[in-house]
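J.: fold the following, please.
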Amino acid sequence: MVDRVWLCNVYRNGDASRGYRPVGAVAQTRDLQQNHINRAFVELCNKLNRHEPVADADFPAELYAAPPFRAHKRPKRHLFVGGGPFVVSSEAADVLRAHNLGATRLLPVTLLFPNGATRVEGDWFYLVVRDQKAALRANVSTGLHKFSNVDVFMPLDKDQLKADNVVVSPNALDGPDIWFDPAIYLAVFLSEKLKRALTVAKVAKHWDLVACKVEAV
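T.: Down below sits the predicted model:
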């Protein structure tokens, strides 16, 4: 039995963020609530963070690189945070499709330069993770801190989280190859099988993967 799973810590890596907005939205944070497209995008992101169901039609078909963030000038990543949702390259999407995604889905999205017309090279997809496994062993995990007054945790920053700092129970080994744990905010998990396939495809480094220990109670 494989006794390891992997936590994707992209949300805790500032270099993985890209300043994208839906076409028609404003770029400045102070103006977000003044524009209905911005409001809809913020609500979409909030639902994703809470792992609530989101319809395909609620995802913007196009995202543009908001000028203050210069997202279009940053080096290509095969997984990044596109203004809120996960976005993956076609290379990463091909690897994902070859595995057990369960209810997780990939939705096409067009990335544009700040002019809102010129396409960013390549094919891109939202990654919408929908399966959950309640496997965290918080009492023996040292790589997390409490997010709020409830029993929800957040991983430490990318440079602080180390191998085996997060411990999960064996039920994490069953089912889909990608999932979230309801007790951890802003993180997803991958199976050993999926991690190895991403490594072979030379796209794993952009997932900021950290090995987690599987240990029975």
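J.: tell me, what residue is most central in this structure?
T.: Most central in the chain under CA atoms, centre = their mean is residue 86, positioned 4.2 Å from the mean C-alpha point.
J.: which non-adjacent residue is nearest that residue?
T.: Leaving aside its sequence neighbours, residue 86 sits nearest to residue 127 (CB to CB, 6 or more residues apart in numbering; 4.0 Å). The way it works is simple: take the backbone N, C-alpha and C, and place the C-beta from them, glycine included.
J.: any chance of the backbone angles for that neighbour?
T.: Dihedral pair for residue 127: phi -110, psi 110, per degrees, to the nearest 10.
J.: is it bridged to anything, and to what?
T.: For residue 127, the beta-bridge partners are residue 86, residue 106 (DSSP bridges).
J.: that one contacts residue 89, correct?
T.: No - under the criterion of CB atoms under 8 Å, residue 127 is not in contact with residue 89, lying 10.4 Å apart.
J.: residues in contact with the residue nearest to residue 86?
T.: Residues near residue 127 by CB atoms under 8 Å, 6 or more residues apart in numbering: 79, 85-88, 93, 96, 104, 106.
J.: for those, which one is nearest residue 187?
T.: Set against residue 187, the nearest of the contacts of residue 127 by CB to CB is residue 86 (11.2 Å).
J.: that closest one: what's it in contact with?
T.: 10, 79-80, 126-129, 188.
J.: mutual contacts of residue 127 and residue 89, please.
T.: Residues within reach of residue 127 and of residue 89 at once, by CB under 8 Å, 6+ apart, are residue 79.
J.: any idea which element residue 190 lies in?
T.: Residue 190 is part of strand 188-191 when elements are defined by DSSP states H and E.
J.: returning to what we had before: using CSV, lay out the contacts of residue 86 together with distance to residue 42.
T.: Listed next are the contacts of residue 86 as CSV, based on distance: CB to CB, whole Å:
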residue, distance to residue 42
10, 20
79, 22
80, 19
126, 16
127, 19
128, 17
129, 19
188, 21
